[in-house]
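Asker: How does the following fold in three dimensions:
(one chain, ligands or ions: 1)
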Amino acid sequence: MPLSPEHRAEIEAARATPRQTLRAVSEGMEAHLYRAHEVLDHGFVRVIDYMGDDAAIVQAARVSYGAGTKHVSNDEGLIRYLMRHWHSTPFEMCEVKLHVKLPVFVARQWIRHRTANVNEYSARYSILDREFYIPEPAQLAAQSKVNNQGRGAVLEGAEAARVLAMLKSDAAQMYDHYEEMLSQEDQQGLARELARMNLPMNIYTQWYWKTDLHNLFHFLRLRADAHAQYEIRVYAEAIARVVADWVPLAHAAFEDYRMGGTALSAKGVAVLKRRLAGEAVGYEQSGMSKGEWREFEAVWGA
Ligand SMILES: Cc1cc2nc3c(=O)[nH]c(=O)nc-3n(C[C@H](O)[C@H](O)[C@H](O)COP(=O)(O)OP(=O)(O)OC[C@H]3O[C@@H](n4cnc5c(N)ncnc54)[C@H](O)[C@@H]3O)c2cc1C
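Answerer: Okay, here's the model as predicted:
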């Protein structure tokens, strides 16, 4: 269960205490504030605070005294222009602070995104909860035969049961030993900062994670992508849904140019021009590597 009844009550209490402000407010984001969006079996993402909205991006780009332009269509055009031309600093004017609960092996991938501020739950100070990520049957998959960094066929029958039983019993045993090792009144045991070293990577941790919209888009571009590992991708997808409500114009531009768009190398441009002129250009004439050609053809091939 991602949230205890006490945690739910704290969230409801926070949401029941509105405050007046002169600051820019995004109605879409206000609906998300404090609420937990469940991810995986025990995880969640929730917005703790945010700064700015679509108008704040426009306002910063124009360095204006007021709230940007009066017309949504003008704002949309400018935001699309900024996104198209990698004019990124106006997007940095919007910020978001998230509370995330996630398995440690997901946190290891996430923390590589250095352009954020992080404060993690201290397992030196506190005892970790007995919560482990156990994949859904559809996510219990064998090593991919074509992609060294991916998974292939989903396990079935006895093999799925064997793997699942090991995941569950190992996690339970390691947590039992963690508890048994901790210093207690009747035994010297180990300090919390040491006892935790025996815990598996699928145990859950929590952190506050703050970043700006430009770097958040970069994170989403990499982690909401089909090449990202499923377990971090579902977090990125949950955040992307929140961002769509927070800054709908910027999110739509991001979807169009970054997630849905594609970059072309000079060689790619040349091949496309020759093809449009009626020439039959294949891999041998392209000057590209095999990998580049495969990726080029995946988008532009017949
Ligand atoms: C599909 C996938 C597979 C991956 N596989 C591996 C792997 O096998 N091994 C591995 O180690 N990592 C791997 N990574 C992690 C990846 O290499 C990056 O560390 C991670 O995606 C964070 O990206 P970033 O550095 O651009 O983000 P951020 O740290 O948020 O940085 C954003 C941008 O800021 C700039 N920047 C930040 N810090 C610096 C700096 N110190 N110096 C210069 N510029 C800086 C860069 O332009 C950077 O792109 C993988 C990532 C993905 C998405």
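Asker: Show me which residues of the stretch 151-300 of the chain sit near the ligand.
Answerer: Counting by Cβ under 6 Å from any ligand atom, the residues of the stretch 151-300 of the chain close to the ligand are Asn215, His218, Leu222, His227, Ala228. No exception for glycine: its C-beta is placed from N, CA and C like everyone else's.
Asker: let's see 5 Å
Answerer: With Cβ under 5 Å from any ligand atom as the criterion, the stretch 151-300 of the chain comes near the ligand at residues Leu222, His227.
Asker: Now do the SS call for whichever residue of the stretch 151-300 of the chain sits closest to the ligand.
Answerer: Nearest to the ligand, among the residues of the stretch 151-300 of the chain, is Leu222, at 3.8 Å (Cβ to the nearest ligand atom). Classification of Leu222 using DSSP: H, G, I helix; E, B strand; the rest coil returns helix.
Asker: Skip the chain neighbours and tell me the closest residue to it.
Answerer: Distances taken as Cβ to Cβ, 6 or more residues apart in numbering place Ala228 nearest to Leu222, at 6.4 Å, with adjacent residues excluded.
Asker: Same question for Arg46.
Answerer: Excluding its sequence neighbours, the residue lying closest to Arg46 (Cβ to Cβ, 6+ apart) is Ala36, at 4.4 Å.
Asker: Quick check: that neighbour touching Gly43?
Answerer: No - using Cβ atoms under 8 Å, Ala36 is not in contact with Gly43, being 9.3 Å away.
Asker: my read: Asn117 touches Trp209, true?
Answerer: Yes - contact criterion Cβ under 8 Å: Asn117 and Trp209 qualify, at 7.5 Å.
Asker: Compare the two and say which is more crowded by neighbours.
Answerer: Using other Cβ atoms under 10 Å as the criterion, Asn117 and Trp209 rank with Trp209 on top: 25 against 10.
Asker: And the more buried one, how far from Ala172?
Answerer: 29 Å (Cβ to Cβ, to the nearest Å).
Asker: same check, this time on Gly291
Answerer: 43 Å.
Asker: more crowded one of the two?
Answerer: The residue with more neighbours, out of Gly291 and Ala172, is Ala172; 12 against 8, by other Cβ under 10 Å.
Asker: Could you list the domains of the protein?
Answerer: The chain resolves into domains spanning 5-124+204-259, 134-201, 266-300 when parsed by automatic domain parsing.
Asker: now Gln206, which residues is it bridged with?
Answerer: Beta-bridge pairing for Gln206 (DSSP bridges): Lys101.
Asker: which helices and strands does the host helix or strand of Tyr208 pack with?
Answerer: Here Tyr208, judged by DSSP states H and E, is contained in strand 204-212. Here strand 204-212 touches strand 95-103, helix 104-110, strand 117-120, going by 3 or more Cβ pairs under 8 Å, 6 or more residues apart in numbering; DSSP states H and E.
Asker: now the helices for the stretch 101-250 of the chain?
Answerer: 104-110, 157-181, 192-195, 213-223, 230-246, 248-254 (DSSP state H, counting those that start in this stretch).
Asker: contact partners of the shortest one?
Answerer: Among residues not part of helix 192-195, those counted as contacts by Cβ atoms under 8 Å, 6 or more residues apart in numbering are Ala123, Arg124, Tyr125, Ser126, Ile127, Tyr178, Met181, Leu182, Ser183, Gly189.
Asker: Figure out how far stretch 42-52 is from the centre of its chain.
Answerer: Per Cα atoms, centre = their mean, to the nearest Å, the displacement of stretch 42-52 from the mean C-alpha position of its chain is 12 Å.
Asker: Now it - C-alpha only, CSV.
Answerer: This file holds the C-alpha atoms of stretch 42-52, laid out as CSV (Å, rounded to 0.1, in the frame of the first residue of the first chain):
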residue,chain,number,x,y,z
HIS,A,42,4.2,0.7,-3.2
GLY,A,43,5.4,3.8,-4.9
PHE,A,44,4.0,7.2,-5.6
VAL,A,45,4.7,10.7,-7.0
ARG,A,46,3.1,13.8,-5.5
VAL,A,47,3.5,17.5,-6.0
ILE,A,48,4.6,19.3,-2.9
ASP,A,49,5.0,22.8,-4.4
TYR,A,50,5.5,24.5,-7.7
MET,A,51,6.3,27.9,-9.2
GLY,A,52,5.0,29.4,-12.4
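Asker: rewinding a little: need the residues touching each of Ala36 and Gly43.
Answerer: Pro2.
Asker: Just the pLDDT for the residue nearest to Arg46.
Answerer: Among the per-residue scores, Ala36 shows a pLDDT of 97.
Asker: which phi and psi does it have?
Answerer: Note on Ala36: backbone dihedrals following degrees, to the nearest 10 are phi -90, psi 130.
Asker: how many other residues sit next to it?
Answerer: Here the count is done by other Cβ under 10 Å, and Ala36 has 19 residues near it.
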